[in-house]
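In: this one's structure only:
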């Protein structure tokens, strides 16, 4: 029997926990390019929705949950265009298998 201890590079499953926003549309390429320059994560579901935010791992040891949410709100407000509508910051978790 083999037991794999490392990262599986050909896995087609995704799961995440971020503080951020859920958008009921796929974000456009220019926004993806901007996000790639930051530490902001984004996920696009097979159902064509987008999740944008910071991983829980980005929370500073000295930050409270409320402070982290406020920091995320400011980051996203500064980078996501107004055309995406009002941003409601919250905890986003999801997962899917695309295979």
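Out: Great, that's in hand. All of these numbers come straight from a predicted model, not from anything done at the bench.

In: the helices in the chain, which residues?
Out: For the chain, the helices defined by DSSP state H cover 29-36, 65-79.

In: Relative to residue 56, which of these is closest?
Out: Of all the helices of the chain, it is helix 65-79 that lies closest to residue 56, at 8.5 Å by C-beta to C-beta. All C-beta atoms are positioned from the backbone trio N, CA, C, and that covers glycine.

In: got the buried residues for that closest one?
Out: 68, 69, 71, 72, 73, 75, 76 (16 or more other C-beta atoms under 10 Å).

In: Name the nearest of these relative to residue 39.
Out: Relative to residue 39, and with distances defined as C-beta to C-beta, the nearest of the buried residues of helix 65-79 is residue 75, at 8.9 Å.

In: What pLDDT does the model give the closest one?
Out: On pLDDT, residue 75 comes in at 94.

In: With residue 3 instead?
Out: Residue 3 is assigned 45 on the pLDDT scale.

In: Residue 94 now?
Out: Residue 94 is assigned a predicted lDDT (pLDDT) of 83.

In: Residues in a beta bridge with it, which ones?
Out: Beta-bridge pairing of residue 94 under DSSP bridges involves residue 16.

In: Please determine how far it is located from residue 85.
Out: As judged by C-beta to C-beta, to the nearest Å, residue 94 and residue 85 stand 20 Å apart.

In: Please name the nearest non-neighbouring residue to residue 17.
Out: Closest residue to residue 17 apart from its sequence neighbours, by C-beta to C-beta, 6 or more residues apart in numbering: residue 93 at 4.7 Å.
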